[in-house]
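>>> Sequence first, then the predicted structure:
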Amino acid sequence: MRHARYLIGAVAACTVVSGTAAPSFAADSDSASAAENYVALGDSYASGTGTREYFEDSGSCLRSPKAYPQLWADSHGVASFEFAACSGAVTDDVNADQLGSLSADTTLVTISIGGNDIGFVDVITSCVAGTDEGCDNAVNDATEKARNELPAKLDTTYANIRSAAPNAEVVVLGYPKINEMGDCGIPFYSEYKRQRINEGADELASVISERASAAGFSFADPRSAFEGHGVCASDEWINGPSNPIQESFHPDVDGHANAYLPTLNSVTG
């Protein structure tokens, strides 16, 4: 079975950091005047890690032509598109490496960030391969970081985005709940562990939503769009343990096209 086969390696594969330069795309001149100058920021959930198809020049940032930012740009006739999101990014990486893509001409910014700041990798490692107690401890640690450390990091990042792109609409996209309940083919990945991870995802969503609102940004919540399609569903839009291992526990092509893209469209039109 696919899940069991790649279980051990997958738990350590959720974060890769790279400073690979972001590609830029320009639309045809006849549509540019009324179109967006769009910049996509964030981590692996924005870059498209999990879709198994990546731009060759994106290196370990794993930017995908199937990721929701690229899909949105392709379907909206943008004037320009800067794809700066990078797998493994934390808020410090956004501030140091990605904001250079922004300017006063930027009209739309999207960002997915925060999961790596609170230790998503540790949660997955502990809950997939460890004990219930280890899973509890990891989720509790991540929740504490989400409540006590992440807000200030998000506030700084959001303020820097606004400073660098003063005229842009900014949409903050959250994270899905990772798991579904019921029968599952992943050894030792009990309903209890899956529920604890989902509870952590709810806490993270609450914090990100609050800080986005405080910054005057829109929050686009993908949780309902992914409902019924998490890990252990009959029709998964989020990969379980996979080969290559960096694909694990990330939305796949369907997750970006059928959940993230409609979620973004619900805010931007």
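Right, received. Where do you want to start?

>>> for Ser266, what are its contacts?
Residues near Ser266 by Cβ atoms under 8 Å, 6 or more residues apart in numbering: Ala220. To be clear about C-beta, it is placed using only N, CA and C from the backbone, and glycine gets the same treatment.

>>> helix or strand for it, which one?
In the assignment (DSSP states H and E), Ser266 maps to helix 261-268.

>>> again with Gly240
For Gly240, there is no enclosing helix or strand under DSSP H and E.

>>> just Val39 next, same as before
Applying DSSP H and E, one finds Val39 within strand 37-42.

>>> Please save the CA atoms from that strand in PDB.
These are the backbone C-alpha positions of strand 37-42, laid out as PDB (Å, rounded to 0.1, in the frame of the first residue of the first chain):
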ATOM      1  CA  ASN A  37       0.100  42.900 -11.000                       C
ATOM      2  CA  TYR A  38       0.100  39.800  -8.800                       C
ATOM      3  CA  VAL A  39       2.700  38.500  -6.300                       C
ATOM      4  CA  ALA A  40       2.400  35.200  -4.500                       C
ATOM      5  CA  LEU A  41       4.200  34.800  -1.200                       C
ATOM      6  CA  GLY A  42       4.500  32.000   1.300                       C
END
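
>>> What about Ala89, how many residues nearby?
By other Cβ atoms under 10 Å, 33 other residues sit near Ala89.

>>> my guess is it meets Thr49, correct?
No: Ala89 is beyond contact range of Thr49, at 10.7 Å (criterion: Cβ atoms under 8 Å).

>>> Quick check, Pro65 in contact with Glu53.
Yes: between Pro65 and Glu53 there is a contact under Cβ under 8 Å: 6.2 Å.

>>> Tell me which of these two has more neighbours.
Using other Cβ under 10 Å, the more surrounded residue of Pro65 and Glu53 is Pro65, with 14 against 11.
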